[in-house]
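# Using only what follows, build the 3D model:
(2 chains)
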Amino acid sequence: MADGNNLEELRELVDFLKANGIAEFDMERTEWKVRIKFESAAAPTAGLNPAQLAMLMAGAGTGIPAPAAHAPHAAAGAQEAAAPAEEENLHEVKSPIVGTFYESPSPGAPPFVKVGDLVEAGQVLCIVEAMKLMNEIESDVAGEIVKRIATSGQPVEYGQPLFLIRAREERRKSS
Amino acid sequence: MFRKVLIANRGEIALRVISACREMGIRTVAVYSEADRNSLHVKFADEAICIGPPRSAESYLNVPAVISAAELADAEAIHPGYGLLSENANFAEVCRASNIKFIGPPPEVTRMMGEKSTARQTMKKAKVPILPGSDGIIENEGAALEWAKQVGYPVILKAVAGGGGRGMRICRNADELPGLFQQASAEAAGAFGNGDLYMEKFIERPRHIEFQVLADEHGNVMSLGERECSIQRRHQKLIEEAPAPALTSGLVDWEAMRDSAHKIVSLAGYTNAGTVEFIVDPAAGSFYFLEVNARLQVEHPVTEAITALDLVRWQIRIAEGDRLPEGLAGLGREQISGHAIEARVIAEDPAAGFLPSIGKILGWAEPRSPGVRVDTGFGKGSEVSRFYDSLVAKVIAHGASRSEAIQQLRAALEDFHVLGVKSNVDFLLSVLRHPEFEAGQIDTGFLARNFEGWRPSEPDAVVGALSERAATARPAVAATLRSSNPAWSAGDGFRNV
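Have a look, this model is predicted:
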């Protein structure tokens, strides 16, 4: 029954019902029957004059986060950086401390790891120096180094991504 | 002069230090935990470095992380604020070893003052009055009777291992002492597995008075007058004022107290800003040294208001090696102006046993009027996190007289609206309206005595329904309702609009 035209009409109907704050709707014709019920508390709270409430709420628009339905989008921004990694199933190795990142054990020495290397969990990937102490940072997964994100000598914060690793098997739980 | 200072703190005090630095042309570095990524102190600082996960122990209290951040940012000095690392002598020592100036007293002094028994011994030698205490375990009822006879009744028995009132008894005469000793000892043994008791002189209706002191690194010490912090809930200060009503009424010898504070600070080799706390016995007109707080105090703005001095700027100047005016022992009574009162706005639910109230602040409106200052690290969209202190703002009113300051503070709090988390604003207003508070008849037991089981006046149904709604609306909605509804302004003849 739901050909293209009907679907369009149904959309319009839903919009109309929403716009008018109608909570429940039933309609029957010979060929079809429709029943719509909104589960959210979109309808005004009982006991309040809707007009009065609408007036009070009218000023509330500016800069206020939209009601709960839209909330998940707000969080999406924060996850943006991690999103591509998620898609390819890449694992981020993050700095566990504040300090200075070094890719090799000493100046001029070859780096601990290069892009394309296969590493084991527990293998040293780099050094983060904090208060003159050289802290070896180990990989928390086994897999292939896809990218070195930090550059040697760069200051890094707690939680800053250092490497991207394509985990070999199922990824170990991080963080 | 410092070029760059790291602030090892969060919330309102971090913002307070950032603004002082900015005024002095010093760049600022904020440190933050993952939970504070969107906090105001992170936004207001010139630079910000994430130092760890939400738990303070792994971030704000993590000495290597803070030092490492200072080294990375090339900060020359660290301001610790209050709480957190501010009185951690080890941290001050690591700063020194790392060639970073700690804005506060030297670690040796902090350590000495932190050891209560050492501090008491030092004060005894300096002939500063200290609260008579047994300085050790009282073995039995006989020894207790003997000790009480020496210092005079009333006395208080306390559990050596204790806290929270258990194993604690107040004795007013020799007849009841043996029985109370048995009870307290048994209770302590039950609660802490240790029935040992010690004794102290007990003060009826004690008042908490403290002196603000500045000391430079060249031997100059200056007292900036006192504050009274007798309005406390479970030993937490809630309302603080300067000058102290107890002293303006001539209850205790102001000069003697100031001289004691001065002596304590000089003797200890103290530098930077500090506070000497006393307990005052109003009946006897006597005072006793309690402790020295080797840091900036939460309530420092009331002193700033009446002295027109910026304490944070002075802390930084002293750390830079600047000098206080020489030969000036302190500000006299005539050098202070008016009266200032601070109220601490805390995210808690006074109607539910003062449980902390956490969550996102959806609406925020703070008072703005002449003579009113608001120090806060929160605003609309801020998160009150379960990981940290629930102080969300300090509201300070400065008036020509105490009664004027009270009126201004009430009016300011009536204009303070927080939505999304519960706050103690209505509770604070009730306290500020209490006739005994107005009369300056306060002591540390005032809240427990007068506000046990306090309940907010119930907003009527419409306001109730709307304040639920208003959680997603802007504060102006609730603000309008509040001032137009008599329930909110009942009992206050001052501002019934």
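
# Keeping just the C-alphas, turn the helix of greatest length in chain A into CSV.
Identified as the longest helix of chain A according to DSSP state H is helix A:4-19. Extracted C-alpha coordinates of helix A:4-19, given in CSV (Å, rounded to 0.1, in the frame of the first residue of the first chain):
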residue,chain,number,x,y,z
GLY,A,4,5.7,7.0,-2.9
ASN,A,5,2.7,9.3,-2.7
ASN,A,6,1.3,7.8,0.4
LEU,A,7,4.6,8.0,2.2
GLU,A,8,4.9,11.7,1.4
GLU,A,9,1.4,12.3,2.7
LEU,A,10,2.2,10.4,5.9
ARG,A,11,5.2,12.5,6.5
GLU,A,12,3.1,15.7,6.1
LEU,A,13,0.6,14.2,8.5
VAL,A,14,3.2,13.5,11.1
ASP,A,15,4.7,17.0,10.8
PHE,A,16,1.2,18.5,11.2
LEU,A,17,0.5,16.4,14.3
LYS,A,18,3.8,17.3,15.9
ALA,A,19,3.5,21.0,15.1
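
# what's the next secondary structure element after it?
strand A:24-28 (DSSP states H and E).

# Contacts for that following strand, please.
A:13, A:17, A:33, A:34, A:35, A:36, A:37, A:38 (C-beta atoms under 8 Å, 6 or more residues apart in numbering or on different chains). Placement of C-beta: from N, CA and C, glycine included.

# residues of the longest helix of chain A that come out buried?
The neighbour-count check on helix A:4-19 (16 or more other C-beta atoms under 10 Å in any protein chain shown) flags residue A:17 as buried.

# Let me know the angle separating that helix from strand A:24-28.
150 degrees (axes from the mean of the first three to the mean of the last three C-alpha atoms, to 10 degrees).

# Show me what helix A:4-19 is packed against.
strand A:33-37 (3 or more C-beta pairs under 8 Å, 6 or more residues apart in numbering or on different chains; DSSP states H and E).

# So for the strand it packs on, what gets flagged as buried?
Buried residues in strand A:33-37 (16+ other C-beta under 10 Å): none.

# who's in contact with that strand?
Everything outside strand A:33-37 that qualifies as a contact, by C-beta under 8 Å, 6+ apart, is A:10, A:13, A:14, A:17, A:23, A:24, A:25, A:26, A:27, A:28.

# thinking again about what came up before, and the longest helix of chain A, average pLDDT?
Summarised as a single mean, pLDDT over helix A:4-19 is 72.

# do the same with stretch B:352-371
93.

# State the distance spanning the first to the last residue of it.
Start-to-end span of stretch B:352-371 (C-alpha to C-alpha, to the nearest Å) is 33 Å.

# which one among the contacts of strand A:33-37 gets closest to chain B?
Using C-beta to the nearest C-beta, residue A:23 comes nearest to chain B of the contacts of strand A:33-37, at 17.7 Å.

# separation between the closest one and residue A:38?
Residue A:23 is 5 Å from residue A:38, where distance means C-beta to C-beta, to the nearest Å.

# Then residue B:32?
42 Å.

# And for residue B:106?
Counting by C-beta to C-beta, the separation of residue B:106 from residue A:38 is 67 Å.

# Look at those two and report which has more neighbours.
For residue B:106 and residue A:38, the more surrounded residue by other C-beta atoms under 10 Å in any protein chain shown is residue B:106, and the numbers stand at 20 against 15.

# Contact residues of the stretch 101-250 of chain B facing chain A?
By C-beta under 8 Å from any C-beta of the partner chain, no part of the stretch 101-250 of chain B sits against chain A.

# Counting neighbours, what do you get for the residue of the stretch 101-250 of chain B found nearest chain A?
Nearest to chain A, among the residues of the stretch 101-250 of chain B, is residue B:102, at 15.2 Å (C-beta to the nearest C-beta). If you count neighbours by other C-beta under 10 Å, residue B:102 ends up with 26.

# for residue A:96, same thing?
Counted with other C-beta under 10 Å, residue A:96 comes out at 16.

# show me where pLDDT drops low in chain A?
For chain A, the stretches flagged by pLDDT under 70 are A:1-6, A:30, A:32, A:39-88, A:169-175.

# Tell me where it has helices.
With helices called from DSSP H, chain A shows them at A:4-19, A:50-58, A:71-79, A:83-87.

# Repeat that for the stretch 351-497 of chain B.
B:402-414, B:425-433, B:435-438, B:446-450, B:461-470, B:475-484, B:486-489 (DSSP state H, counting those that start in this stretch).

# and the contacts of strand A:24-28 as a markdown table, adding distance to residue B:357?
What follows is the contacts of strand A:24-28, written out as a markdown table (distance: C-beta to C-beta, whole Å):
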| residue | distance to residue B:357 |
| --- | --- |
| A:13 | 43 |
| A:17 | 38 |
| A:33 | 49 |
| A:34 | 45 |
| A:35 | 42 |
| A:36 | 39 |
| A:37 | 35 |
| A:38 | 32 |
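
# Pull the most distant pair out of those.
A:33 and A:38 (18.1 Å; C-beta to C-beta).
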